[in-house]
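A.B. asks: need coordinates for the following:
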Amino acid sequence: MGKTYERLDGRLRGFIERQPLFFVATAPLAGDGTVNLSPKGRAGSLAVLDERTVAYLDFGGSGAETVAHLRENGRITLMWCAFDGPPAIVRVHGRGEPVFRDDPRWPELIPRFADGQAPAIRAVIVVTVERISDTCGFAVPLLAYQGERTLHADYFGRKTDEEFAAYCAAKPHVGASLDGLPALPLPLPPRSA
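C.D. replies: Numbers count the residues shown, from 1 in each chain. Predicted structure coming up:
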């Protein structure tokens with residue numbers, strides 16, 4: 001039986017921080033708009049900032065649907081599943097905001113992430129929690145975690161920040177979403193920290 005919680009207490013925070021993978025869901029307001037569901041999980045890219053705030057690093061490499069949806073309406077859900085150990089699923093529903101590289105909050109946020117100096121960070125997604133719930137996860141399969149993939153960091157680690165900005169500008173659906181909503185600011189601002 002699922003429960004709801006008022007805050008991300010030590011047990012919930014520990015569960016979230018132990019999971020190597022989580023999922024992010026957003027949608028535009030338009031009834032015929034494109035719903036987005038993205039896996040996230042690069043080690044050091046998630047931070048529980050306090051009992052009602054979670055943040056993660058938004059990396060380049062694909063479109064910017066999450067950013068566009070958050071700019072339009074702020075709705076976001078994050079979900080973590082236990083793929084080993086006791087079964088569990090934790091969902092956080094909230095209001096998200098992309099903090100871009102030229103935002104005055106950027107220098108304060110980036111040190112909160114173990115991977116905050118990684119290449120190809122476009123934004124920090126800050127989620128103010130409105131609802132926290134867990135469910136049993138009895139049907140989630142047991143999977144063995146083998147390790148981190150380094151392909152993303154390796155690929156973008158060979159690019160200068162200027163080359164990364166050019167990469168973002170050339171990609172479809174980075175400046176605007178699949179549905180034409182404003183996404184990342186282009187040209188991509190240089191990193192301020």
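A.B. asks: what residues are up against the spatially most central residue of the chain?
C.D. replies: By CA atoms, centre = their mean, the chain has its centre lying nearest to Tyr56, at 4.4 Å. Residues in contact with Tyr56 (CB atoms under 8 Å, 6 or more residues apart in numbering) are Phe22, Val24, Lys40, Ser45, Leu46, Ala47, Val124, Ile125. The way it works is simple: take the backbone N, C-alpha and C, and place the C-beta from them, glycine included.
A.B. asks: wait, is it part of a helix?
C.D. replies: No: in this structure, Tyr56 is strand, not part of a helix, as judged by DSSP: H, G, I helix; E, B strand; the rest coil.
A.B. asks: with neighbour count added, can I get the contacts of Tyr56 in JSON lines?
C.D. replies: Below are the contacts of Tyr56 laid out as JSON lines (neighbours: other CB atoms under 10 Å):
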{"residue": "Phe22", "neighbour count": "20"}
{"residue": "Val24", "neighbour count": "22"}
{"residue": "Lys40", "neighbour count": "17"}
{"residue": "Ser45", "neighbour count": "20"}
{"residue": "Leu46", "neighbour count": "24"}
{"residue": "Ala47", "neighbour count": "21"}
{"residue": "Val124", "neighbour count": "25"}
{"residue": "Ile125", "neighbour count": "23"}
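A.B. asks: farthest-separated two in those?
C.D. replies: Largest separation among those by CB to CB: Phe22 and Val124, giving 15.4 Å.
A.B. asks: against Arg13, how distant is the nearest residue to the residue nearest to the centre of the chain once chain neighbours are set aside?
C.D. replies: Spatial nearest neighbour of Tyr56, chain neighbours left out: Leu46 (4.7 Å); criterion: CB to CB, 6 or more residues apart in numbering. Distance, Leu46 to Arg13, by CB to CB, to the nearest Å: 11 Å.
A.B. asks: what do you get for Asp134?
C.D. replies: 13 Å.
A.B. asks: do Ser177 as well
C.D. replies: Ser177 sits at a distance of 31 Å from Arg13 (criterion: CB to CB).
A.B. asks: residue boundaries of the strands in the protein?
C.D. replies: 3-5, 22-26, 36-40, 46-50, 53-59, 75-81, 89-100, 121-135 (DSSP state E).
A.B. asks: could you dump these to a markdown table with distance to Ala170 and mean pLDDT?
C.D. replies: Putting these into a markdown table (distance: least, CB to CB, whole Å; pLDDT from 0 to 100) gives the following:
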| stretch | distance to Ala170 | mean pLDDT |
| --- | --- | --- |
| strand 3-5 | 43 | 96 |
| strand 22-26 | 24 | 98 |
| strand 36-40 | 21 | 97 |
| strand 46-50 | 28 | 98 |
| strand 53-59 | 16 | 98 |
| strand 75-81 | 27 | 98 |
| strand 89-100 | 19 | 98 |
| strand 121-135 | 14 | 98 |
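A.B. asks: quick one: closest of those strands to Cys168.
C.D. replies: strand 121-135 (6.8 Å).
A.B. asks: flag every buried residue along the closest one.
C.D. replies: Ile121, Arg122, Ala123, Val124, Ile125, Val126, Val127, Thr128, Val129, Ile132, Asp134, Thr135 (16 or more other CB atoms under 10 Å).
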